[in-house]
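S.K.: Build me a model from this:
(2 chains)
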Amino acid sequence: HSPLYNLLYSAWLSLVPSFSAMPSYKLTYFPVRARAEVARQLFYLAGVPFEDVRVPHADWPALKPKTPFGQMPLLEVDGKPLPQSYAINRYLAKEFGFAGKSPFEAAWVDAIADQFKDYNIELRPLFLVLMGFAQGDKDQLLKDVGIPARDKFFGILEKLAKDNGNNGHFVGSSLTWADLLIADHVKTVSIHLPSFLDGFPTVLDTVKKIESTPKLKEWIEKRPDTKF
Amino acid sequence: NMKVHYKLTYFYIRGRGEPIRMLFHLAGVQFEDKRLQLEDWPKLKNSTPFGSLPMLEFDNQQLGQSQAITRYLATRFGLSGRTPMEEAQVDALADCIVDFLNAIDEFHLVAVGLVSGSKGELYERVFTPAKDKLLMIMKKQLKKNGSGWLVGNSITSVDLHLGCCVEQMMDESGKDGGEILKGFEEIREHQRKVFSHPRIVPYIENRPYSPF
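M.R.: Below you'll find the model as predicted:
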């Protein structure tokens, strides 16, 4: 290129610094919300463009060996891979300002997310039957597995929300990825077990407030509709 | 730096508390290493954030969940990775270890005597595939990273985590490294490296004994 071209090009680049500094992001997952939804929401809330790759189940076996851990979701930042949904969520939340306003707050966000992970593991046998991935007695599983897990975890959340002054967040006073994680789960639960969380009104109120965040409301309306 | 009084409460075992204890020793930071006998747990349970241990207390605040505690302290101590991407890689690898521990839960409960069952059958069906999956990921990462540590050029919290996990694998299965780490020479070398760190050696030599 001519020196004049290079000069004009650098002048143009200097006018749009954020354009040249922004990494390229690609998020790869199945065509469901589940473990990629929080990351998608974080991009949308931050107004950061990303490639939202949704892999049909039949195409996954061919892709699997090419991923670091043989699992999805997978984030790529300028082509550099990052697996594990919570590592992805936390990385993006820190970049975009949704990880809590202090180190201790960020640690509590992590702690709630990990408690949610534990709850999901307890719930798994019921979840598999509800989603149609396994056969089983739904009512027995609800009684033996679902209700105890729910009461333990949502009992914690109800208290956290109340202690936080029912301000629309589970930790602190700003939107965090823990808020998004819980809200998306409550959405899924409301589809499959409508009255399951009626005993936790402060939690439900908090989720309503989270979902009314303007950009999030917009995303929820435009995203592909999925059962989970 | 303000002198913070840290108190870590966990049971009188290594389990999910040991990597955190090692982190304090690695960083050279003093802490109260509270080890609870099982019979004292019911009294304490309701005053913990999530009804579980480990729990970290300092400055009249409490924090639960082992990974949240590890990450908070490792970040304070400069042992969590040197860039945002390295920090995220440390998180991702630690989450794989947690996934492994959750996957072997059925085996773990029998191995530590909390539940009765066929340990041999669970070792083959539950433990071995999960162990191979985790160690394959770790081996791949060690080879890719090339420094002898899992992430970056220096020791991080996830190196401690893997070292403790490998020790736990041997203790709970009753098998030695020869069987558990067969085909995973890089992991054997990594564990040796972690456990021979000058700040870890005195801790290991002096810590109370526990079977797991």
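
S.K.: and residue B:36, how many residues sit next to it?
M.R.: Neighbour count of residue B:36, defined by other CB atoms under 10 Å in any protein chain shown: 18. For every residue, glycine as well, the C-beta is placed using N, CA and C.

S.K.: Kindly report the same for the one 5 residues further on.
M.R.: The tally of other residues near residue B:41 (other CB under 10 Å) stands at 15.

S.K.: do residue B:114 as well
M.R.: Counted by other CB under 10 Å, the residues lying close to residue B:114 total 9.

S.K.: how would you label it: helix, strand or coil?
M.R.: Under the three-state scheme (DSSP: H, G, I helix; E, B strand; the rest coil), residue B:114 adopts coil.

S.K.: how much space between it and residue B:107?
M.R.: Noted for residue B:114: a distance of 11 Å to residue B:107, by CB to CB, to the nearest Å.

S.K.: how about the residue at minimal distance from the centre of chain A, what does it touch?
M.R.: For chain A, the residue sitting closest to the mean C-alpha position, by CA atoms, centre = their mean, is residue A:38 at 1.6 Å. By CB atoms under 8 Å, 6 or more residues apart in numbering or on different chains, the contact set of residue A:38 is A:85, A:89, A:177, A:180-181, A:184.

S.K.: Repeat the analysis, applying 7 Å as the threshold.
M.R.: A:89, A:177, A:180-181, A:184 (CB atoms under 7 Å, 6 or more residues apart in numbering or on different chains).

S.K.: In chain A, what helix or strand scores lowest on average pLDDT?
M.R.: Lowest on mean pLDDT, DSSP states H and E among the helices and strands of chain A sits helix A:17-21, with a mean of 57.

S.K.: And the next helix or strand past that helix?
M.R.: Where DSSP states H and E defines the elements, the next helix or strand beyond helix A:17-21 is strand A:25-29.

S.K.: Check which element follows that following strand along the chain.
M.R.: Downstream of strand A:25-29 (by DSSP H and E), the next one is helix A:37-46.

S.K.: rewinding a little: just put the contacts of residue A:38 in JSON lines and tack on secondary structure and pLDDT.
M.R.: Output for those, formatted as JSON lines (DSSP: H, G, I helix; E, B strand; the rest coil; pLDDT from 0 to 100):
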{"residue": "A:89", "secondary structure": "helix", "pLDDT": "98"}
{"residue": "A:177", "secondary structure": "helix", "pLDDT": "98"}
{"residue": "A:180", "secondary structure": "helix", "pLDDT": "98"}
{"residue": "A:181", "secondary structure": "helix", "pLDDT": "98"}
{"residue": "A:184", "secondary structure": "helix", "pLDDT": "98"}
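
S.K.: Show the pLDDT at the residue nearest to the centre of chain A.
M.R.: For residue A:38, the pLDDT comes out at 98.

S.K.: From chain B, how far off is it?
M.R.: According to CB to the nearest CB, to the nearest Å, residue A:38 and chain B sit 14 Å apart.

S.K.: cool, and residue A:131?
M.R.: 19 Å.

S.K.: Test my guess that residue B:150 contacts residue B:142.
M.R.: Yes. Contact criterion CB atoms under 7 Å: residue B:150 and residue B:142 qualify, at 6.4 Å.

S.K.: Specify which member of the contacts of residue A:38 is nearest to chain B.
M.R.: Closest approach to chain B among those (CB to the nearest CB): residue A:89, at 9.6 Å.

S.K.: wait, that closest one sits on residue A:39?
M.R.: Yes. Assessed by CB under 7 Å, residue A:89 is found in contact with residue A:39 at 5.8 Å.

S.K.: Name the residue in those two with the higher neighbour count.
M.R.: Using other CB under 10 Å as the criterion, residue A:89 and residue A:39 rank with residue A:89 on top: 31 against 24.

S.K.: which ones are touching the more buried one?
M.R.: A:38-39, A:42, A:177 are the contacts of residue A:89 under CB under 7 Å, 6+ apart.

S.K.: which two from those end up farthest apart in space?
M.R.: A:39 and A:177 (8.7 Å; CB to CB).

S.K.: any idea how far residue B:24 is from residue A:160?
M.R.: Residue A:160 sits 28 Å away from residue B:24, going by CB to CB.

S.K.: whoops, residue A:203 was the one
M.R.: 35 Å.

S.K.: These two: which has the busier surroundings?
M.R.: Per other CB under 10 Å, whichever of residue A:203 and residue B:24 has more neighbours is residue A:203, with 25 against 19.

S.K.: So which elements touch the host helix or strand of the more buried one?
M.R.: Assigned by DSSP H and E, residue A:203 belongs to helix A:201-211. Applying 3 or more CB pairs under 7 Å, 6 or more residues apart in numbering or on different chains; DSSP states H and E, we find helix A:201-211 packed against helix A:147-163, helix A:177-192.
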